[in-house]
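Chemist: show me how the following folds:
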Amino acid sequence: MSMISRRALLACGAASVAVLAGCGNQVGTVNAERLDARVDATRDYLRQNFPDTEQLFTNAHGILYMPLISEAGLLVGGAYGQGALRINDATVDYYSAMRASFGLQAGAQQYAHVLFFMTAQSLADFRASEGWAASADVRYAVPGSGGAAGVQTTTVFSPVIAVVFGQSGLIAGASLAGVRYQRIIP
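Modeler: Coordinates of the predicted model:
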């Protein structure tokens with residue numbers, strides 16, 4: 001791949017993320033109160049619609065709520081959203097989630113996700129990092145029909161558990177692979 005085409009590809013990726021930053025998730029205009037209200041609604045929705053997550057809520061050392069992630073791509077894509085980290089249901093920090101992707105892709109979608117930090121160490125590692133990236137160590141509890149979120153005994157012992165839900169759009173599935181979380185001031 002030539003240097004010019006690499007630069008063009010990177011520029012397209014940056015443009016995709018910039019476009020998403022201006023999408024309906026109010027990036028750049030969301031203040032702390034509005035973001036906390038969205039986090040409350042996300043928490044309540046998850047608890048009401050997926051009661052088997054209650055064990056996660058009870059045992060988590062901290063919970064990162066990302067109420068709305070917007071994702072779009074046409075060969076080059078990106079995803080962006082904002083949320084809050086809560087410990088004992090009190091907001092301690094605000095975060096953005098961003099991902100750039102390259103390859104065969106076309107479409108757009110929005111979804112929510114929540115990360116449950118099940119160990120003190122996983123929470124400390126997340127909070128200490130300059131830009132924490134979701135990795136293969138994240139276990140998924142996938143909500144299905146009937147309110148089941150796939151929370152099993154083996155899942156509960158994972159350091160970080162992700163619940164992705166509320167998908168709508170034209171891209172099949174939602175993955176947190178490559179999502180980078182960074183502390184922000186809303």
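
Chemist: show me where this protein has helices.
Modeler: Secondary structure of the chain by DSSP state H: the helices cover 3-21, 32-49, 54-59, 120-128, 153-156.

Chemist: worst mean pLDDT among those?
Modeler: With a mean of 45, helix 3-21 has the lowest mean pLDDT of those.

Chemist: mind listing what's buried in the longest strand that the chain contains?
Modeler: Using DSSP state E, we find that the single longest strand of the chain is strand 90-117. Buried residues in strand 90-117, counted by 16 or more other C-beta atoms under 10 Å: 91, 93-101, 108-117. All C-beta atoms are positioned from the backbone trio N, CA, C, and that covers glycine.

Chemist: angle of that strand against helix 120-128?
Modeler: Here strand 90-117 runs at an angle of 120 degrees relative to helix 120-128 (axes from the mean of the first three to the mean of the last three C-alpha atoms, to 10 degrees).

Chemist: tell me what strand 90-117 is packed against?
Modeler: Contacts defined by 3 or more C-beta pairs under 8 Å, 6 or more residues apart in numbering; DSSP states H and E place strand 90-117 against helix 3-21, helix 32-49, strand 62-87, helix 120-128, strand 160-169, strand 180-184.
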